[in-house]
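*Asks:* Take this sequence and fold it.
(chains A and B)
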Amino acid sequence: MSEWILETKNLTYQYSAGTPFEKTAVEDVSIRIGKGEFIGVIGHTGSGKSTLIQLLNGLLRPTRGQVLLNGRDIWQEPKKIRAVRFQVGMVFQYPEYQLFEETVLKDLMFGPKNMGLSDEEAAARAREAAAFTGLRPELLEKSPFELSGGEKRRAAIAGVIAMDPEVLILDEPTAGLDPRGRDVLLAQITQYHKKRGNTVLLVSHSMEDIGRTAGRLLVMDHSRAAMLAPTKEVFAKGEELEKMGLRVPQITKIVQELRALGCPVDPSTLTVDDALKQLIPYFKQKLPGKEAGPHAV
Amino acid sequence: MLSDITLGQFFPRKSLMHRADPRLKICLTVFSIVLIFVAGNFWALAFSALYIGLGMVLSKIPLKMYLKSLKPILFLVAFTAVLNVFYGTGEPLWQWGFLKVTRNGLLNCAFVSIRIIVLILASSVLTFTTSPTQLTDALERLLRPLSKLRVPVHEFAMIMTIALRFVPLLLEETEKIMSAQKARGADMESGGLIQRIKALIPVLIPLFVSAFRRAYDLATAMESRCYHGGEGRTKMKVLRFCSHDYLIIGSAVLALGVFIALNLIFPPAIAG
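*Replies:* The predicted structure follows:
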């Protein structure tokens, strides 16, 4: 057993390969993802993120190269590719549009039942998944089309979590949610990650979300994997990121500017809370006599 | 993949045929089809084929594409050809039981086959060089007299345009939903007929829901921009005849003259 749960070797994918409309979406990507990691995937629109994650769970078949799951090529036996999709769960962008059953519970059971589980087992998994995403039990008997936008999103995510995948891939799960909804959903995903110890890949355009949650970052640029490094290391390279059409979290930028002005803060600070912890004592000491609270900063 | 399906066979190019007014092209296609059917002898038929061939050359679209467009009707051509071969009258050249092949039958067979092939080629010139939006636009203009008879011509054209506009969107949506359900283990590739139809439910229901949502959104967007039907509505791209359109009309008149002459000079090729 290798410690890498997912590994790609020279992974390449071309749309319409062999025709004049050929377009390379993923080129020569070789990455390794460890068991239980929380990986953030960032990249400019069209950088190949979405194609890459679809290659990882076997929805797309690589033009060249391999995807290894627990050390085994997932396309070794093409007929068993469905089994891979249960192990690498995928939540697409705007997943609420995939709901179709009469009740939310039945919809959550769709994945587990496709795995061949009995009704009881599937229902148990569905309820558990609903709890993880904060879906209130009374909603389970409703039609999915009666739910609010945020609830639908939770239900759809729960539908994938219910399969209990070893790796969970989420493509912009917070897109279009209000700020509170975003925070709560992210907290639930982080909690799920901690409790289950599963591997999570989170694709997001929000550097703030990524900075708060991910241990390592995969940066995609022009179909290639430009970086795969601990979050702090990646965000320390602000200029490089900007060249790729990305940026560092706003608080990191502020902290970096403050440091340039001579303030002794850690330049790889990723969250507002961390920044406050460093800055408040500093300013208190700088401005003696005044009652300094957060409002004085 | 679903995205490989192309609706209509428009090939964007820069050619005289592409630039020509779509109304004129529709009329010309109808004109050519009439010629083909009225042609009484091989000379006249060959001439109308030549005229359509000219359109094909001017369209700057490779011959291969035109040949491809013939593929679906090859069976029809073969079927009518075989029928015609055996239904000729006169001295038999070859006979086997009640089946006989006559000179007249062979001629008939050739004539009818050429007629069908040229017919398809004529309509291909139109659909290859005219985008679907241009086509509906031109049809709307050509059918406008019908609105005097209270036929809602503008509304029909609008429905057509919207439908065409939504085809690629819905295809893309279908693909997305299929991926999402496959990611949850939906099996769409195996099983018997009933199982496969059942497997479509998780795709069709979300697709219908989203189609209705899109329709509502579009209706709201149209209403908030004060759309109220065709009355008093002007076009951004007004169809207007240019010099090359008059040139094409001139060629059509000339062709008609030659065609009538050929039809009168030479004797009819087929009886009936």
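
*Asks:* mind checking the SS state of A:Gln14?
*Replies:* strand (DSSP: H, G, I helix; E, B strand; the rest coil).

*Asks:* what pairs with it across the strands?
*Replies:* Beta-bridge partners recorded for A:Gln14 (DSSP bridges): A:Thr24.

*Asks:* who's A:Val203 bridged to?
*Replies:* The bridge-partner assignment for A:Val203, based on DSSP bridges, gives A:Val41, A:Asp171.

*Asks:* Would you mind measuring from it to A:Leu185?
*Replies:* Distance of A:Val203 to A:Leu185, computed by CB to CB, to the nearest Å: 14 Å. C-beta coordinates here come from the backbone N, C-alpha and C atoms, glycine included.

*Asks:* the more surrounded of the two?
*Replies:* Each of A:Val203 and A:Leu185 has its neighbours counted (other CB atoms under 10 Å in any protein chain shown); A:Val203 has more, 24 against 21.

*Asks:* show me the contacts for that one.
*Replies:* Going by CB atoms under 8 Å, 6 or more residues apart in numbering or on different chains, A:Val203 touches A:Gly40, A:Val41, A:Ile42, A:Lys49, A:Ser50, A:Ile53, A:Ile169, A:Leu170, A:Asp171, A:Glu172.

*Asks:* I'd like to know the average pLDDT value across stretch A:265-272.
*Replies:* The average of the pLDDT scores along stretch A:265-272 is 86.

*Asks:* Kindly report the same for stretch B:156-172.
*Replies:* Stretch B:156-172 carries an average pLDDT of 86.

*Asks:* How far off centre is it?
*Replies:* 17 Å (CA atoms, centre = their mean, to the nearest Å).

*Asks:* do the same with stretch B:26-40
*Replies:* 15 Å.

*Asks:* What residues of it count as buried?
*Replies:* For stretch B:26-40, the buried set under the neighbour-count rule, 16 or more other CB atoms under 10 Å in any protein chain shown, comprises B:Ile26, B:Cys27, B:Leu28, B:Thr29, B:Phe31, B:Ser32, B:Ile33, B:Leu35, B:Ile36, B:Ala39, B:Gly40.

*Asks:* biggest separation within those, which pair?
*Replies:* B:Ile26 and B:Gly40 (25.5 Å; CB to CB).

*Asks:* Relative to A:Gln188, how far out is A:Arg196?
*Replies:* 12 Å.

*Asks:* what's the answer for A:Asp266, then?
*Replies:* As judged by CB to CB, A:Asp266 and A:Gln188 stand 28 Å apart.

*Asks:* what about residue 262, how many neighbours?
*Replies:* All of this is about chain A. Residues near A:Gly262, counting by other CB under 10 Å, number 6.

*Asks:* could you do chain B instead?
*Replies:* 19.

*Asks:* What of A:Gly18?
*Replies:* By the criterion of other CB under 10 Å, A:Gly18 has 8 neighbours.

*Asks:* Contact partners for A:Ile39?
*Replies:* Remark: with contacts taken as CB under 8 Å, 6+ apart, A:Ile39 is in contact with A:Ile33, A:Thr199, A:Val200, A:Leu201, A:Leu202, A:Ala214, A:Gly215, A:Arg216, A:Leu217, A:Leu218.

*Asks:* Closest one of those residues to A:Lys243?
*Replies:* A:Leu217 (15.8 Å).

*Asks:* Hmm, A:Ala229 and that closest one touching each other?
*Replies:* Yes - counting by CB atoms under 8 Å, A:Leu217 does reach A:Ala229; the two are 6.6 Å apart.
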